[in-house]
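S.K.: Model the structure of this input:
(one chain, ligands or ions: 2)
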Amino acid sequence: MKVAWAGSREAFQVSDRMAKLVANDPVFEKFSKPMLGRKELFKNTLRKAAYAWKLINDLRLTEEEAKWLRHYIDEPNYTDLHWEMFVPAIEGQGTKEQKKKWLPLAQTMQIIGTYAQTELGHGSNVQGLETTATFDRQTDEFVMHSPTLTSSKWWPGGMAKVATHAIVYARLIIDGLFHGVHGFIVQLRSLEDHSPLPGLTLGDIGMKFGHGTYNTMDNGVLRFDHVRIPRNQMLMRVSQVTKEGKYAQSDVPRQLLYGTMVSVRQTIVADASKALSRAVCIATRYSVVRRQFGSRNGGPETQVIDYKTQQSRLFPLLASAYAFRFVGEWLKSLYIDVKQRLEANDFSTLPETHACTAGLKALTTAATADGIEECRKLCGGHGYLISSGLPELFAFYVPACSYEGENVVMMLQVARFLVKTVSNLGYKQPVGTAAYLGRVTPLLQNNCAVQTAEDWLNPDAILEAFEARAARMVIGCGERLAMFENPEEGFAELSIDLVEASLAHCQLITVSVFIQKLNHEIPGNGVKRSLEVLCYVYALFLLHKHQGDFLATGYLTPKQASLANEQLRTLYSKVRPNAIAFVDSFNHMDHYLCSVLGRYDGNVYPKLYEAAWKDPLNDSDIVDGIQQYVQPILKQKLHYAKL
Ligand SMILES: CCCCC/C=C/C(=O)SCCNC(=O)CCNC(=O)[C@H](O)C(C)(C)COP(=O)(O)OP(=O)(O)OC[C@H]1O[C@@H](n2cnc3c(N)ncnc32)[C@H](O)[C@@H]1OP(=O)(O)O
Ligand SMILES: Cc1cc2nc3c(=O)[nH]c(=O)nc-3n(C[C@H](O)[C@H](O)[C@H](O)COP(=O)(O)OP(=O)(O)OC[C@H]3O[C@@H](n4cnc5c(N)ncnc54)[C@H](O)[C@@H]3O)c2cc1C
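M.R.: Numbers count the residues shown, from 1 in each chain. Ligands and ions are numbered 1, 2, ... in the order given. The predicted structure is shown next:
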């Protein structure tokens, strides 16, 4: 199962080696993090990042190994933006010459970059950005300027204190004419003494949600006061500005300017399974250790994992972790394919890839953030302790619902793709993830054939149900949209239904990828049969949760919906004996989990007790403030009525 989770034996070996390397090196200790003040926390992160870079070079780690190493260090820091956004932005949007100049510097970290797109006033609406890049023909330069307070760049990771360079998105202006938003490579700091270059105001935007997690990152604010950069620092694969100030667009679509976001959204989907599996591992292990009620004849009480209600909350999350792992793997292959095509100037699959990355980013991050919080509740009161590992994990994870495309905004992008697909149905056969929309007649006419709970244990029945639900919701939206004279007005008016239809479409993708996964590449029949159980749990849980959609579209009868729920209960009993094996297969080390409740050895109570004594408040019996503020109250002897 470890191999099935990792994707291959080789992939397992790489991640396992890196997990052990990090776990066994005292530099990467992280239990004490929540006790550190912001400055210490930040410095500690810089120290770890520098040490990691040394390891990567000394041990000659491959790119894949370096990624896993950074993942297991488990602290957001400037290198995330450098590797995940700055480098890919140059790769995707730079010309050959620009790549030749900038990539070697970035890849050896002689410069450190960030991605400065969002501003105080605009994040989702990229076309609304206000920073200007005005071409000066006399000097062959762009003048970068922040004309308003709301044009201040706001949020870019690593920008406040570390990055030496940034890809800055700004409105291109030539001779007073606006040519849309473009990316520019801008140096922010001196490479000698790290001080901000003249004309730049740089700082940190302040503490974020949770203490020890995202505050390891220096999210920054940046303002320009007429800062000049050479013309050849505009990223010019999509559009070019000549020395004479002529603006030209190549035959590369404008959407490529958004390409870095497609790349990162794909990695965010893969990361969702890592975060959810971590929470599920903690909650499952603890649910086996924790006992409440049900003692008979003085025997042990019931393990809380044996309560059906606990199973009905926990096992769908376990199944979702696997579903997200497989859909992340699938999305990666889709992305690798589109990347190769883009390099060869084939843009045909970009719209579908954009819809998949945007929609699956929204689906997986929303479910993971909710899932981590559910795992915290599944651990009862102890889940609220920092030492459970869950509060910090939640605080670290939850911004994924907002960054790289706010989730609702992303679902509306999927809706645009689906509406366009439906309106083209007469003359363009849909392909890939939208192919089912080409079979609308049977999907709209045929109803579910399930008659017994057993009938739900059939991938074809499940797939057809999810296809019919999505098709009926999408087509229904298309029909209602057609009644509006102004399509944009109609889109805005129906946006709630459109987001629901997009979710149905994305859930269909996750369910069908899980089913496809079972048809190949599973090492061993036992593993395959166990994964089948999880696949059914995932699909039938979604069906139960969204039964309103399935019933309202008329595909299912209430009886069939309740048979699905009956089957789901039976499936939980099949998951139970393997629950621990399923979570052990994630191969998460204790160091990575950083959780007393999720310890591999199950030694929860003694370690919880021990962890409590490490709190600084327990350094002495009488702490600072007691003499000054508590003792006087005790000694005042005021009469209550006089207060
Ligand atoms: C290591 C991880 C650390 C993470 C740290 C976080 C970093 C960040 O958050 S960086 C900042 C991320 N910011 C965002 O994600 C902003 C979200 N907004 C957008 O992506 C876009 O502005 C938009 C998609 C919401 C809207 O764009 P707009 O310019 O208004 O365009 P239209 O809606 O008119 O779309 C035009 C056309 O282009 C298609 N399209 C949009 N995005 C993409 C894309 N990424 N790739 C390919 N195609 C894209 C869109 O579907 C339209 O297509 P048609 O309908 O066919 O015209
Ligand atoms: C931890 C973190 C790290 C980040 N790192 C970076 C970084 O490195 N670089 C960078 O450039 N940016 C970064 N960002 C910024 C991030 O990309 C934006 O915050 C994100 O894209 C959301 O945009 P917004 O803040 O403008 O949200 P808004 O769009 O203002 O969202 C507010 C609400 O409005 C709704 N809404 C907005 N538009 C629509 C619409 N058209 N229809 C319906 N509802 C709508 C949204 O659903 C949401 O509920 C980071 C953010 C965070 C939290």
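S.K.: Which residue does the protein have closest to ligand 2?
M.R.: residue 123 (2.4 Å; Cβ to the nearest ligand atom). From N, CA and C alone the C-beta is placed, and that goes for glycine too.
S.K.: burial count for that residue?
M.R.: A count of nearby residues for residue 123, using other Cβ atoms under 10 Å, gives 18.
S.K.: what residues does the stretch 351-500 of the chain put near ligand 1?
M.R.: 351, 354, 403, 404, 405, 409, 413, 416 (Cβ under 6 Å from any ligand atom).
S.K.: Quick check: ChimeraX command selecting the buried ones in the residues you listed.
M.R.: Selecting only the buried entries of those in ChimeraX, with 16 or more other Cβ atoms under 10 Å as the criterion:
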select :351,354,403,404,405,413,416
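S.K.: Please convert the residues of the stretch 351-500 of the chain next to ligand 1 to TSV, extending it with distance to residue 539, pLDDT and secondary structure.
M.R.: TSV is the format used below for these (distance: Cβ to Cβ, whole Å; pLDDT from 0 to 100; DSSP: H, G, I helix; E, B strand; the rest coil):
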residue	distance to residue 539	pLDDT	secondary structure
351	27	95	helix
354	26	97	helix
403	29	98	coil
404	27	97	coil
405	26	98	coil
409	27	98	helix
413	25	98	helix
416	27	98	helix
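S.K.: The residues of the stretch 351-500 of the chain next to ligand 1: which ones sit near ligand 2?
M.R.: With Cβ under 6 Å from any ligand atom as the criterion, those include 403, 404, 405, 409 near ligand 2.
S.K.: Quick check: the third one vs residue 552, distance?
M.R.: Okay, so that is residue 405. Separation of residue 405 from residue 552 (Cβ to Cβ, to the nearest Å) stands at 28 Å.
S.K.: Equivalent analysis for the last one, please.
M.R.: From residue 409 across to residue 552, the span is 25 Å (Cβ to Cβ).
S.K.: Can you pull the poorly scored residue ranges out of the stretch 101-250 of the chain?
M.R.: For the stretch 101-250 of the chain, applying pLDDT under 70 flags no range at all.
S.K.: how about the residues of it near ligand 1?
M.R.: 115, 117, 118, 123, 124, 126, 127, 157.
S.K.: of all the residues in the chain, which ones are close to ligand 2?
M.R.: 81, 115-118, 122-124, 155-157, 214, 219, 399, 402-406, 408-409, 412.
S.K.: Could you pick out the buried ones from those residues?
M.R.: With neighbours counted by 16+ other Cβ under 10 Å, those contain buried members at 81, 115-118, 122-123, 155-157, 214, 219, 399, 403-405, 412.
S.K.: In helices only, show me those residues.
M.R.: Cross-referencing these against helices under DSSP state H gives 81, 412.
S.K.: Keep only those of the buried ones among the residues of the chain next to ligand 2 that are in strands.
M.R.: Taking DSSP state E, the ones among these that sit in strands are 115, 116.
S.K.: And the contacts of stretch 260-272?
M.R.: Applying Cβ atoms under 8 Å, 6 or more residues apart in numbering, the contact partners of stretch 260-272 are 84-85, 88-89, 92-93, 115, 167, 324, 327-329, 331-332, 334-335, 338-339, 350, 353-354, 357-358, 360-361, 364-365, 367-368, 400, 404-405, 410.
S.K.: typo on my end, it should be stretch 390-403
M.R.: 33-34, 76, 155, 208-214, 268, 271-272, 275, 278-279, 282-283, 362, 365-366, 368-369, 372-373, 375-376, 379, 383-386, 407, 594-595, 597.
S.K.: Can you check the distance spanned by it, start to finish?
M.R.: One end of stretch 390-403 to the other measures 21 Å (Cα to Cα, to the nearest Å).
S.K.: going forward can the numbers begin at 40, since that is how I track them
M.R.: In the new count, where the first residue is 40, that last one comes out as stretch 429-442.
S.K.: buried stuff in it?
M.R.: So for stretch 429-442, counting by 16+ other Cβ under 10 Å, buried means 429-440, 442.
S.K.: would you turn the residues you listed into TSV with distance to residue 90?
M.R.: As requested, the buried residues of stretch 429-442 are exported to TSV (distance: Cβ to Cβ, whole Å):
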residue	distance to residue 90
429	27
430	27
431	21
432	23
433	27
434	24
435	21
436	25
437	28
438	26
439	26
440	31
442	27
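S.K.: Nearest to ligand 1 among these?
M.R.: residue 442 (3.6 Å).
S.K.: Out of the contacts of stretch 299-311, list just those in strands.
M.R.: Using DSSP E, the contacts of stretch 299-311 in strands are 154, 206.
S.K.: Filter the contacts of stretch 299-311 down to just the buried residues.
M.R.: Buried among the contacts of stretch 299-311 by 16+ other Cβ under 10 Å: 123-124, 127-128, 131-132, 154, 206, 363, 366-368, 370, 373-374, 377-378, 389, 392-393, 396-397, 399-400, 403-404, 406-407, 439, 443-444, 449.
S.K.: so what's residue 625 up against?
M.R.: Contacts of residue 625 by Cβ under 8 Å, 6+ apart are 44, 316, 317, 320, 360.
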